[in-house]
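Engineer: Please find the sequence and the predicted model below.
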Amino acid sequence: MDVYNLTTVTQFILIGLSDLPEVRYPLFVVFVLIYMVTLLGNGSILLAIGKEKILHTPMYFFLANLSLLDIFCPSATVPKMLENLLTEKRNISFIGCALQLYFLVATMGTEVFLLAVMAYDRYVAICFPLQYTLIMTRVRCIQLTVGTWAAGFLNSVIHTVFTFRLTFCKSNQVNQYYCDIPPVVALSCSSTYVAEMLVLVIGGVLGIGAYLLTFISYIYIISTILKIQSAEGKRKAFSTCASHLLVVCLFYGTAIFTYVRPSSSKHSPARDRLISMLYGVITPMLNPIIYSLRNTEVKGALRRALCGRTSPQQT
């Protein structure tokens, strides 16, 4: 290719929803409602945990961080998507695309690590209940939380830098409704080997490490629960981790499908967009619903917080 034919990309066109022009207004309404439910649901979790002293425990401290991530993650993509649906412009600046990708990957990466920490917390609580308060101290919880956020955002710096160091001269049309690593890398006319290997190697090592920690924790948790003699004891023990396990399965199932595969593999763009919609928009909305429906303490705290009452322990 002649170097003089290369053009510098100054903006990208998000074409993920361009094949549905006749339903863009209904889609706008649907995504507004989903986004509002996400903000209200996760905001309610944060309010309940903040107001209720009974919820000032490590498990709910980590849950509060998960709710923050579930607010930040769709906030990186949905507002721009709503703007494009409403105006039909579909464009995003080069810097805007880089920032969108950075915050999306950062929040997703942080959530991977946080889910592993939450699994470890449940492992200590169920397998070592007498030592729980000695192991999961306030300082330890803060250290683990800071570590997860730092790891997620530093990981995103690496991916963002190597993605946007590529030369873009094929096209500026991103086959997605937001800027993400696979569809942006696919537009490059330079070698994408390093960027793709970073996703597979760094993302794979960190993701598999976090997954193994989660998986091993639940092996010990389930084996410990099965040893409990009373049915009521088993029910109570399992209820404390069932919500988290459901969230883990939902998150990993969609994220692994999107990232852990080479770009050369055959795949359907429409299916990719659907999967991305699940983990980028739907999952953050479902997480507070899952926790509030399956956790009696959260349900009680939400009722008291919304009605302005205090918990019995606070009166």
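Structural biologist: Received, thanks. Residues are numbered from 1 along each chain as shown.
Engineer: going forward, measure contacts and count neighbours with C-alpha atoms only.
Structural biologist: OK.
Engineer: Which parts of the stretch 101-250 of the chain are strands?
Structural biologist: Assigned by DSSP state E, counting those that start in this stretch, the strands in the stretch 101-250 of the chain fall at 173-174.
Engineer: low-confidence ranges in it?
Structural biologist: In the predicted model of the stretch 101-250 of the chain, residues 170, 240 satisfy pLDDT under 70.
Engineer: Just the helices from the stretch 51-200 of the chain, written as ranges.
Structural biologist: Counting by DSSP state H, counting those that start in this stretch, the stretch 51-200 of the chain has helices at residues 58-75, 78-87, 94-127, 132-135, 138-164, 181-185, 193-227.
Engineer: Buried residues, the fifth one. List them.
Structural biologist: To tie it back to what came earlier, the one meant is helix 138-164. Judged by neighbour count using 16 or more other C-alpha atoms under 10 Å, the buried positions of helix 138-164 are 141, 144-145, 148-149, 151-157, 159-160, 162-164.
Engineer: Can you classify Phe12 by secondary structure?
Structural biologist: Here Phe12 is recorded as strand under DSSP: H, G, I helix; E, B strand; the rest coil.
Engineer: wouldn't it be in contact with Ser93 here?
Structural biologist: Yes. Counting by C-alpha atoms under 8 Å, Ser93 is a contact partner of Phe12 at 6.2 Å.
Engineer: Looking at the two, which has the bigger crowd around it?
Structural biologist: Set Phe12 next to Ser93 and count neighbours by other C-alpha atoms under 10 Å: Phe12 wins out with 21 against 13.
Engineer: Is that one bridged to anything, and to what?
Structural biologist: Counting by DSSP bridges, Phe12 forms beta bridges with Ile92.
Engineer: For it, give me its contacts.
Structural biologist: Taking C-alpha atoms under 8 Å, 6 or more residues apart in numbering, we find Phe12 in contact with Asn91, Ile92, Ser93, Phe94, Cys97, Asn172, Gln173, Val174.
Engineer: From those, keep the buried residues only.
Structural biologist: In the contacts of Phe12, burial by neighbour count holds for Asn91, Ile92, Phe94, Cys97, Asn172, Gln173, Val174, counting by 16+ other C-alpha under 10 Å.
Engineer: if we can go back for a sec, and the contacts of Phe12 as CSV, adding distance to Ile181?
Structural biologist: Output for the contacts of Phe12, formatted as CSV (distance: C-alpha to C-alpha, whole Å):
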residue, distance to Ile181
Asn91, 17
Ile92, 15
Ser93, 16
Phe94, 14
Cys97, 10
Asn172, 14
Gln173, 14
Val174, 10
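Engineer: how much space is there between the residue nearest the centre of the chain and Ile54?
Structural biologist: The centroid of the chain falls nearest to Met108 when counting by C-alpha atoms, centre = their mean (4.0 Å). The spacing between Met108 and Ile54, counted by C-alpha to C-alpha, to the nearest Å, is 29 Å.
Engineer: what do you get for Ser75?
Structural biologist: For Ser75, the distance to Ile54 (C-alpha to C-alpha) stands at 30 Å.
Engineer: Could you do Leu47 as well?
Structural biologist: Counting by C-alpha to C-alpha, the gap from Leu47 to Ile54 is 13 Å.
Engineer: Likewise for Asn155?
Structural biologist: Distance from Asn155 to Ile54, by C-alpha to C-alpha: 35 Å.
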